[in-house]
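[1] Structure, please.
(2 chains)
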Number of protein chains: 2
Amino acid sequence: MKAFEFYAPTDHIFGEGVVDQIGERLAAAGWKKALIVYGQGSVVKSGLLDKVKGKLDAAGVAYVDLGGVRPNPEVGLVREGIEKVRAEGCDCILAVGGGSAIDCAKAIGFGVPYEGDVWDFFCGKAKITDCLPIAVVLTIPATGSEASGSCVISNDEVKAKNGAAGDIFRPKLAFLDPTLTFTLPPYQTAAGATDIISHVCERFFSGVGEVPISDLISTGIVRTVIDATPIVLEEPENYDARANIVWAGTLAHNDISGCGRSMNPAARAGGWESHALEHAISAYEPEITHGAGLAVVMPAWMRYVWREDPQRFLLFGYEVFGIEPLEEGDEGYESEEQAIEWAVEATIDELAAFFQEIGMPATLGDFGITAENLDEICDIVADAKGEEFGGFKKLNRADVKAIFESCL
Amino acid sequence: MKAFEFYAPTDHIFGEGVVDQIGERLAAAGWKKALIVYGQGSVVKSGLLDKVKGKLDAAGVAYVDLGGVRPNPEVGLVREGIEKVRAEGCDCILAVGGGSAIDCAKAIGFGVPYEGDVWDFFCGKAKITDCLPIAVVLTIPATGSEASGSCVISNDEVKAKNGAAGDIFRPKLAFLDPTLTFTLPPYQTAAGATDIISHVCERFFSGVGEVPISDLISTGIVRTVIDATPIVLEEPENYDARANIVWAGTLAHNDISGCGRSMNPAARAGGWESHALEHAISAYEPEITHGAGLAVVMPAWMRYVWREDPQRFLLFGYEVFGIEPLEEGDEGYESEEQAIEWAVEATIDELAAFFQEIGMPATLGDFGITAENLDEICDIVADAKGEEFGGFKKLNRADVKAIFESCL
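    Purely as a prediction, here's the structure:
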């Protein structure tokens, strides 16, 4: 078990109707004027935005709007938000939506007290040391951004989708009402579930051996999502299943599942290989939903790397799917090596099959990406991650290309 | 899944040697003078206290001492600590030790800003609204007090051992170094493991049905402790096993395992029946180690109440011990009722056997408590909990007496 620091000071307010508390809670925190950040209008159509504003009005908390955040939020809108906060004198940022709105809100939050350009934080030029307080009303369980110290922003000009990390911009308040996810379309629901599972897997397959306490928390989160997702696809208004997914999504990325796995106590556990691969394909093609991209690249990455530490995959397969390797004397048993390979491949097959069952794509071709596009996508990976990256197995450009080729 | 609020803003600094950071961390938090609270001298003998003081000296953080906290800390020493903080102008409390030192530190922390007597908070006369910041160097994984919003204090004069709850007094900083637990004697190690398991069980058997995400986190914590404890009893310096127990102990009581189980979002999940029973016996006989008392009363409570919701016990038995009820056609199967009873009893037997294997007592007689003492102990329960209490099954005085009688 490696040394770690775990500091997740988000106040999670969970349950049906918790948005009713938003005015009083922001006022109690002493915040006077919020920049409300939201996406492409679903929170307008649903009436949620008006409801939030009504509660702020009633509590005497002022606000201004910044709508139009797109999936894979772009740094241009972040810059606009920063100017707006400065011009309007906001003292907090309130995201209403999913990971895109939240990440945009975070980047505005730490961009405001910084004199330079906010992209500096995403390309290693500056370190985040201050941030306005962030509050979140979550509508999409997926990115875990509602309680994480992660923020991912795209820059179309340089075709990049990069992340920043820090406990300092974890949201102070997260309002988690499962009923707000009832209207989430099946594709977004499934992409969210995939993203949640990936956040656990990136940490679980981190290149550090067993950490029983974190291993069992991790596989518990994955099992919960695998059990609950088909239920909500059948019954979108199943409160308990939606609630389990929402909470699993928060815990999958608030670092609790990675404790003891990081080589560097100040850094997040894991090599985040699947995320690096996915960020490149959705930087190349910004219309790709992050979770859908992950459903394609994560099993391919797993098939490419599992031999580095088969035991990790055997544990995952056993705890999540009940898969056990054949033993000597079992029908079909040939050798220990074959038994392990069979069990690991069966585990990855089960995971990939689950993604397809819930409606996720299986190949890069499903996004219109062909062999001709791969060099450019590999360039994006190299720009973001350097010549070599990865925790479970170091990946160079040839490895990255081989993984992408395996999912054409 | 019930509504809940989860706010656990402790900064956990985990790993070998983390105490080296204590001076710089307290200084960085802006704290100038600490009251150091510790127990019966083991941290003096081990040199830990001197080490902590050396680090505070180096960082320019002043301090004064309050030693001598006993197991089941008494309100008299809390009052003394409050006076000392006021006289010395301390701005934070630093506990060095286990749950007794930490709970004493917490009670001092919220006693200082209150004008009345601190016992008021433990008998329902006052509500905690303010607290000095608390930091902890943990030496005993057991109570989870290093990150919990719980504080239990005894009052010998009125023969009571009562609790207070609130996020406001959760420690700000917790230094968790597994090597500090290497020298913990077997009995304390085992009592700590029992306490950790009980914190999960009190929430798991809370009278609310399935919450898959929290259920699997709960059983994962219990499995971790059941696997790791025999290892550390054999090899007291097994770092990984000690580390897993330390982190399990923190997570068992920081409320993460109870999310979605409480009927009241502001209150801790569970009826805390076993704790109420144990608090009475260790209020009656303050030499009883809390975990040892729990090892006796918890299985007895389980046998008395399981019929209220057998499914909870079947899930626990399956996830923790791999126990499944017999099915029709299996050898020995008589009826569904018998199959369930067999599986539940086997689960409780396994848990009780585990406690005994690690050296915990099995009967009240092991503490010298006899049938003649039970009325007085039942009085203590009634004083603390009223005529009836419990989440899983309501317990009145006759129930309480029957449970105690079953473990004579």
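[2] For chain A, spot the helix or strand the model is least confident about on average.
    Across the helices and strands of chain A, the lowest-confidence element by mean pLDDT, DSSP states H and E is strand A:160-165, at a mean of 87.
[3] Which elements pack onto it?
    For strand A:160-165, the contact count by 3 or more C-beta pairs under 8 Å, 6 or more residues apart in numbering or on different chains; DSSP states H and E identifies strand A:150-155, helix A:273-284, helix A:374-385 as packing neighbours. The way it works is simple: take the backbone N, C-alpha and C, and place the C-beta from them, glycine included.
[4] Now find how far off-centre it is within its chain.
    A distance of 12 Å separates the centroid of the chain from that of strand A:160-165, by C-alpha atoms, centre = their mean, to the nearest Å.
[5] three-state assignment of the residue nearest the centre of chain A?
    Among the residues of chain A, the smallest C-alpha distance to the mean C-alpha position (C-alpha atoms, centre = their mean) belongs to residue A:143, namely 3.0 Å. At residue A:143, secondary structure determined by DSSP: H, G, I helix; E, B strand; the rest coil is coil.
[6] Would you confirm that residue A:19 contacts residue A:50?
    No: between residue A:19 and residue A:50 there is no contact, the gap being 11.2 Å when judged by C-beta atoms under 8 Å.
[7] So between the two, which is more surrounded?
    Residue environment comparison for residue A:19 versus residue A:50 gives the larger neighbour count to residue A:19, 21 against 11, counting by other C-beta atoms under 10 Å in any protein chain shown.
[8] now the more buried one: how far from chain B?
    Distance, residue A:19 to chain B, using C-beta to the nearest C-beta, to the nearest Å: 12 Å.
[9] dump the residue contacts of that residue.
    Under the criterion of C-beta atoms under 8 Å, 6 or more residues apart in numbering or on different chains, the contact partners of residue A:19 comprise A:48, A:51-52, A:55, A:137, A:175, A:177, A:180.
[10] where does residue A:64 land in three-state SS?
    strand.
[11] for it, what are its contacts?
    Each residue near residue A:64 by C-beta under 8 Å, 6+ apart is listed here: A:33-36, A:84, A:88, A:90.
[12] One more: residue A:362?
    When contacts are counted by C-beta under 8 Å, 6+ apart, residue A:362 touches A:295-296, A:352, A:355-356, A:407.
[13] likewise residue A:208?
    With contacts taken as C-beta under 8 Å, 6+ apart, residue A:208 has the following neighbours: A:2, A:260-263, A:269, A:391.
[14] if you set the cut-off to 10 Å instead, what comes out?
    A:1-2, A:214, A:258, A:260-263, A:269-270, A:309, A:312, A:391-392 (C-beta atoms under 10 Å, 6 or more residues apart in numbering or on different chains).
[15] and the stretch 201-350 of chain A, which residues reach chain B?
    Residues of the stretch 201-350 of chain A found near chain B (C-beta under 10 Å from any C-beta of the partner chain) are A:209-225, A:227-228, A:239-252, A:254, A:256-257, A:259-260, A:265, A:319.
[16] Can you tell me which of the residues you listed are buried?
    Among these, those classed as buried by 16 or more other C-beta atoms under 10 Å in any protein chain shown are A:211-225, A:227-228, A:239-252, A:254, A:256-257, A:259-260, A:265, A:319.
[17] Distance check, the residue nearest to the residue nearest to the centre of chain A when sequence neighbours are not counted against chain B.
    If you skip the residues right next to it in sequence, residue A:143 has residue A:99 as its closest partner in space, 2.8 Å away by C-beta to C-beta, 6 or more residues apart in numbering or on different chains. In this structure, residue A:99 and chain B are separated by 19 Å, where distance is defined by C-beta to the nearest C-beta.
[18] Repeat that for residue A:342.
    Between residue A:342 and chain B the computed distance is 23 Å (C-beta to the nearest C-beta).
[19] sorry, back to before: for the residue nearest to the centre of chain A, give its distance to residue A:275.
    11 Å (C-beta to C-beta, to the nearest Å).
[20] So for these two, which residues contact both of them?
    Once C-beta under 10 Å, 6+ apart is applied, the residues that residue A:143 and residue A:275 both contact turn out to be A:150, A:152, A:195, A:199, A:290.
[21] Bridged to the first one, which residues?
    Using DSSP bridges, the bridge partners assigned to residue A:150 are residue A:165.
[22] Next up, the contacts around it.
    Counting by C-beta under 10 Å, 6+ apart, residue A:150 makes contact with A:99, A:102-103, A:106, A:143-144, A:163-166, A:169-170, A:199, A:253-255, A:268, A:272, A:275.
[23] what do you get if the cut-off is 7 Å, keeping everything else the same?
    With contacts defined as C-beta atoms under 7 Å, 6 or more residues apart in numbering or on different chains, residue A:150 is in contact with A:163, A:165, A:253.
[24] for the second one, same thing?
    Contact analysis of residue A:152 by C-beta under 7 Å, 6+ apart lists A:103, A:161, A:163.
[25] Dump these into JSON lines; add distance to residue B:361 and neighbour count as well.
    JSON lines is the format used below for the contacts of residue A:152 (distance: C-beta to C-beta, whole Å; neighbours: other C-beta atoms under 10 Å in any protein chain shown):
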{"residue": "A:103", "distance to residue B:361": "54", "neighbour count": "27"}
{"residue": "A:161", "distance to residue B:361": "59", "neighbour count": "26"}
{"residue": "A:163", "distance to residue B:361": "53", "neighbour count": "17"}
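[26] and which of these is nearest to residue B:402?
    residue A:103 (56.7 Å; C-beta to C-beta).
[27] State the distance from that closest one to residue A:150.
    8 Å.
[28] now do residue A:156
    20 Å.
[29] Am I right that residue A:215 falls within a helix?
    Yes: with three-state DSSP as the criterion, residue A:215 is located in a helix.
[30] Apart from its chain neighbours, what residue comes closest to it?
    Of all residues not flanking residue A:215 in the chain, residue A:315 sits nearest, at 6.3 Å (C-beta to C-beta, 6+ apart).
[31] What is the burial count for the one you found?
    Residues lying near residue A:315 (other C-beta under 10 Å) number 20.
[32] go on, residue A:110?
    Counted by other C-beta under 10 Å, the residues lying close to residue A:110 total 25.
[33] quick one: contacts for it?
    Neighbouring residues of residue A:110 by C-beta under 7 Å, 6+ apart: A:121, A:128, A:130-131, A:169.
[34] Poorly predicted segments of the stretch 51-200 of chain A, please.
    Low-confidence segments of the stretch 51-200 of chain A, defined by pLDDT under 70, are absent; every residue clears the threshold.
[35] Counting by contacts, list what the strand or helix carrying residue A:55 packs against.
    Assessed by DSSP states H and E, residue A:55 sits inside helix A:48-59. On a contact count with 3 or more C-beta pairs under 7 Å, 6 or more residues apart in numbering or on different chains; DSSP states H and E, helix A:48-59 meets helix A:22-28, strand A:92-97.
[36] repeat that for 8 Å
    Taking 3+ C-beta pairs under 8 Å, 6+ apart as the contact cut, helix A:48-59 packs with helix A:22-28, strand A:33-38, strand A:62-66, strand A:92-97.
[37] and these as JSON lines, adding distance to residue B:326?
    Formatted as JSON lines, the entries for the helices and strands packed on helix A:48-59 read as follows, by distance: least, C-beta to C-beta, whole Å:
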{"stretch": "helix A:22-28", "distance to residue B:326": "51"}
{"stretch": "strand A:33-38", "distance to residue B:326": "55"}
{"stretch": "strand A:62-66", "distance to residue B:326": "61"}
{"stretch": "strand A:92-97", "distance to residue B:326": "50"}
